[in-house]
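K.L.:
sequence unknown, structure follows:
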């Protein structure tokens with residue numbers, strides 16, 4: 001692959017850069033390329049990765065539901081785990097998970113009815129505990145729920161469990177050790193990147209003794225915790241799911257470099273610089289920053305940065321397993337084939353299934369008169385993700401009987 005040109009020290013992305021191109025021809029062409037890659041046998045994962053990284057990302061949530069699992073080698077027609085409530089009170093992390101989920105209101109779409117959000121929060125708890133139950137070597141961290149809720153809102157409960165399981169054992173693995181040592185190791189890649197690109201900015205931050213803790217929440221939540229616009233979070237998830245586990249650190253470096261003038265104009269004091277950097281602007285030019293991060297990764301790969309003494313003392317599980325993980329994604333069958341192969345297993349949800357679930361449901365989130373809607377919403381969000389809620393909202397205005405006609 002041809003090496004990217006070294007970014008200029010003073011190169012900055014324009015704030016009003018929205019990543020839009022003239023006309024819709026590029027978008028139509030990209031949609032065709034993604035659909036062609038999805039229907040190739042085996043699936044053309046390399047094309048899907050390029051699409052996720054390049055301008056506009058995966059474009060729609062409908063495509064994300066199809067492409068995200070392929071990027072992680074997940075067969076959505078043969079998901080290994082089913083959510084259950086049996087693990088809740090007996091799991092060591094249940095109380096902390098419950099507290100974090102209760103504080104997660106801002107991560108749900110604005111205007112979502114309380115009843116719908118309550119269902120999703122229950123699913124969010126089940127998703128995380130299910131993954132932790134099957135992976136006792138993993139340790140919950142605060143911010144894990146920010147990862148889980150993004151997956152839930154896009155792909156639904158069942159697929160979110162499978163995706164979070166894979167991510168937890170690969171991209172997020174260093175964050176899930178019993179101590180913060182591995183996480184600190186990943187954060188330690190930030191300053192060497194800055195030193196390579198802008199020595200003056202690097203030296204300023206060293207003198208200020210600001211460290212890298214300001215980027216901690218960015219890294220462990222893939223920026224989901226700090227961004228107010230969900231569409232920006234989704235764009236970054238496209239990028240990170242298709243990239244090396246260290247790419248969030250390269251994006252952090254790109255953001256700091258983008259704010260070079262602000263940083264240097266700040267008093268060279270730890271508290272002042274930390275205060276500035278820890279409050280991430282909401283109007284960042286994401287497409288430009290993604291492109292710059294990709295270029296930085298090509299020019300200063302982790303292997304080059306790791307030659308520094310501070311990065312040689314510890315081995316990253318995320319980094320060491322990434323090449324084998326990427327290779328494992330290259331021999332997937334298209335969904336049309338997988339659906340045919342798994343059709344006999346009766347994976348589709350039917351009205352009978354909902355009625356059976358309703359008979360067993362003793363939930364108290366909604367009143368007895370609304371249980372039918374609750375179960376239907378649960379089923380929709382478990383299989384379709386956030387896109388279902390536009391349909392659900394309309395159907396709820398008409399009544400439960402209309403909602404059930406969707407199945």
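P.N.:
Thanks, I have it. Source: prediction; values computed, not measured.

K.L.:
State the distance from the residue nearest to residue 71 when sequence neighbours are not counted to residue 148.
P.N.:
Using CB to CB, 6 or more residues apart in numbering and skipping residues adjacent in sequence, the residue nearest residue 71 is residue 241, 4.7 Å away. For the C-beta atoms, the positions are set from N, CA and C on the backbone; glycine is no exception. To residue 148, residue 241 is 14 Å away according to CB to CB, to the nearest Å.

K.L.:
gap between the residue nearest to residue 71 and residue 51?
P.N.:
Using CB to CB, one gets 11 Å for the distance from residue 241 to residue 51.

K.L.:
These two: which is more packed in?
P.N.:
Applying other CB atoms under 10 Å to residue 241 and residue 51 shows that residue 241 carries more neighbours, namely 26 against 23.

K.L.:
Roughly how far does the nearest residue to residue 42 once chain neighbours are set aside sit from residue 321?
P.N.:
Nearest non-adjacent residue to residue 42, counting by CB to CB, 6+ apart: residue 331, 5.1 Å away. From residue 331 over to residue 321 the distance is 18 Å, taken as CB to CB.

K.L.:
Okay, now the unreliable bits of the chain?
P.N.:
Under the criterion pLDDT under 70, the flagged ranges of the chain are 1-12, 14-23, 84-87, 89, 308-314, 344-407.

K.L.:
Let's see that with 50 instead.
P.N.:
The chain contains residues with pLDDT under 50 at 1-10, 16-21, 309, 347-384, 386-407.

K.L.:
From the centroid of it, which residue is nearest?
P.N.:
residue 237 (4.3 Å; CA atoms, centre = their mean).

K.L.:
I'd say that one and residue 222 touch.
P.N.:
Yes. At 6.1 Å, residue 237 and residue 222 qualify as touching, with contact defined as CB atoms under 8 Å.

K.L.:
tell me which residues in stretch 112-130 are buried?
P.N.:
Of all the residues in stretch 112-130, those buried under the rule 16 or more other CB atoms under 10 Å are 112, 116-130.

K.L.:
from the chain's centre, how far out does that stretch sit?
P.N.:
In terms of CA atoms, centre = their mean, to the nearest Å, the centre of stretch 112-130 is found 17 Å from the chain centre.

K.L.:
rewinding a little: list the residues that contact the residue nearest to residue 71.
P.N.:
Neighbour list for residue 241: 52, 68, 71-72 [criterion: CB atoms under 8 Å, 6 or more residues apart in numbering].
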